[in-house]
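Colleague: The following comprises the amino acid sequence and a computationally predicted model.
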Amino acid sequence: MLEDRVTSLDRFIIEQERLYPEATGRFSNILYDIALAAKVVTREVRRAGITDILGRAGRANVYGEDVTKLDAFANNVFIHATEHSGNVCIMASEENDGCVEIPPEYPTGSYALLMDPLDGSSNIDVNVAIGTIFSFHRKISKGPRGAVEDCLQPGRRQVAAGYVVYGSSTMLVYTTGSGVHGFTLDPTLGEFILSHRNIRIPERSTYISANESNYPKWPEEVQSYVGHLRKRSYSSRYIGSLVADFHRNLLKGGFFMYPPDQKSPTGKLRLLYEAAPLAFVIEQAGGYASDGHGPILDIQPTELHQRVPLYIGSPFETREAEAWISGRKRPDAGPSSSAG
């Protein structure tokens, strides 16, 4: 039975907009477009096993990774859902070599959109949760349309970031710099309904999310820190889909890490499309994100497809890991918290 006081995403955005009289509504319109695109992708994810949407698309992306059919589909959906509205000046996607320019027949706006349209796509064929990651920067270039410099801004300058997780239900989580809120798609209404208001990650946890099969390839200081956590009886919770691992840790508490290794000495995860957006979300929820030496949000990007190590989650473990890995004096570990 529908509750008497249901808050849809549309209503929530309108209520938030009223708090800022100077708001033009343009940014709100982009969020509507993102929500619509997420619904379209949800439909295809739900139908993936019975349509010709599984499998490989027969090409590689800029990282040399196989592109799945659903990867390509999601990328096109998010581009087409946002390019026409006159709110976005330029886009950048994990699936495209360079920036995605707004077609000349459309007007442009004041925001640059960056996205990983389908994170965890290698798990599509085995029915594991996947997701979309997105973020926005204000236009800083001087020309009438957007430029690459609008995308190459530190994460600290993001005006909004969020993700969609396609799992047992579809959930959209985002922040505009004043708290993190989650909305669950009600398939009977076709609407995202506010289900998680003001999400706060627990201060500390007893869970670590990492691909520990890479342990022999990790730097010695990372191996040492993981050994330290094992001595404190931390449990391993690793799904292998960044959005899914992040979402679980955000709600339940946990520490995710993807360190550099012998194969990827500068890290594997993408700064602009994965690390910086999720870092903005986690800090707004009371957590922390680091590259092992300092905040992810302070890194100045130099290229669209830049990679970084990522340590993110509950603030106690993430800051402790940064101090341990960077060689600074380790904070007093204290007693381990109880498992959740």
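Modeller: Perfect, thanks for sending it. Residues are numbered from 1 along each chain as shown.
Colleague: Quick check: closest non-adjacent residue to R145.
Modeller: Setting aside the residues directly before and after it, R145 is nearest to T108 in space (CB to CB, 6 or more residues apart in numbering), at 5.0 Å. Quick note: C-beta positions are derived from backbone N, CA and C, even for glycine.
Colleague: Next, count neighbours for that neighbour.
Modeller: Residues lying near T108 (other CB atoms under 10 Å) number 21.
Colleague: give me the element it is part of.
Modeller: T108 belongs to no helix or strand when elements are defined using DSSP states H and E.
Colleague: Make residue 1 into 104 and carry on from there
Modeller: Sure, I'll start numbering at 104, so the last one becomes T211.
Colleague: What are the neighbouring residues in contact with it?
Modeller: With contacts defined as CB atoms under 8 Å, 6 or more residues apart in numbering, the neighbours of T211 are 189, 191-193, 205, 247-249.
Colleague: Got a PyMOL select line for the buried ones in those residues?
Modeller: Filtering these down to the buried ones (16 or more other CB atoms under 10 Å) takes a single PyMOL command:
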select buried, resi 191+192+193+205+249
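Colleague: so where's the chain uncertain?
Modeller: Within the chain, the stretches with pLDDT under 70 are 104-107, 124-128, 151-171, 432-443.
Colleague: That one: helices as residue ranges?
Modeller: Secondary structure of the chain by DSSP state H: the helices cover 112-121, 129-150, 172-185, 251-254, 323-334, 345-355, 379-387, 418-429.
Colleague: got those helices as TSV, with distance to I402 columns?
Modeller: Formatted as TSV, the helices of the chain follow (distance: least, CB to CB, whole Å):
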stretch	distance to I402
helix 112-121	28
helix 129-150	24
helix 172-185	24
helix 251-254	14
helix 323-334	19
helix 345-355	18
helix 379-387	7
helix 418-429	13
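Colleague: which one of those lies closest to G280?
Modeller: Nearest of the helices of the chain to G280, taken as CB to CB: helix 379-387 at 6.6 Å.
Colleague: tell me the angle of that closest one relative to helix 418-429?
Modeller: Interaxial angle, helix 379-387 versus helix 418-429 (axes from the mean of the first three to the mean of the last three CA atoms, to 10 degrees): 130 degrees.
Colleague: which residues are contacting helix 379-387?
Modeller: 217, 236-238, 257-258, 261, 264-266, 276-278, 280-283, 304, 345, 349, 353, 391-392, 398-400, 402, 404, 415-416.
Colleague: circling back: spatially, which two of the contacts of T211 are the most separated?
Modeller: So, the contacts of T211 by CB to CB: farthest apart are V191 and P247, at 13.8 Å.
Colleague: quick revisit: can I get the helices of the chain in JSON lines including mean neighbour count and distance to S298?
Modeller: What follows is the helices of the chain, written out as JSON lines (neighbours: other CB atoms under 10 Å; distance: least, CB to CB, whole Å):
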{"stretch": "helix 112-121", "mean neighbour count": "15", "distance to S298": "10"}
{"stretch": "helix 129-150", "mean neighbour count": "19", "distance to S298": "14"}
{"stretch": "helix 172-185", "mean neighbour count": "22", "distance to S298": "23"}
{"stretch": "helix 251-254", "mean neighbour count": "19", "distance to S298": "31"}
{"stretch": "helix 323-334", "mean neighbour count": "16", "distance to S298": "31"}
{"stretch": "helix 345-355", "mean neighbour count": "23", "distance to S298": "11"}
{"stretch": "helix 379-387", "mean neighbour count": "27", "distance to S298": "16"}
{"stretch": "helix 418-429", "mean neighbour count": "21", "distance to S298": "24"}
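Colleague: Looking at those, which is nearest to S224?
Modeller: Of all the helices of the chain, it is helix 172-185 that lies closest to S224, at 4.7 Å by CB to CB.
Colleague: May I have the closest one exported as PDB, CA atoms only?
Modeller: C-alpha atoms of helix 172-185 as PDB (Å, rounded to 0.1, in the frame of the first residue of the first chain):
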ATOM      1  CA  LYS A 172      26.500  -4.400 -26.000                       C
ATOM      2  CA  LEU A 173      24.900  -3.000 -22.900                       C
ATOM      3  CA  ASP A 174      27.900  -0.800 -22.300                       C
ATOM      4  CA  ALA A 175      27.400   0.800 -25.700                       C
ATOM      5  CA  PHE A 176      23.600   1.000 -25.200                       C
ATOM      6  CA  ALA A 177      23.900   2.800 -21.900                       C
ATOM      7  CA  ASN A 178      26.500   5.200 -23.200                       C
ATOM      8  CA  ASN A 179      24.200   6.200 -26.100                       C
ATOM      9  CA  VAL A 180      21.200   6.500 -23.800                       C
ATOM     10  CA  PHE A 181      22.900   8.900 -21.300                       C
ATOM     11  CA  ILE A 182      24.300  11.000 -24.100                       C
ATOM     12  CA  HIS A 183      21.100  11.300 -26.000                       C
ATOM     13  CA  ALA A 184      19.100  11.900 -22.800                       C
ATOM     14  CA  THR A 185      21.200  15.000 -21.900                       C
END
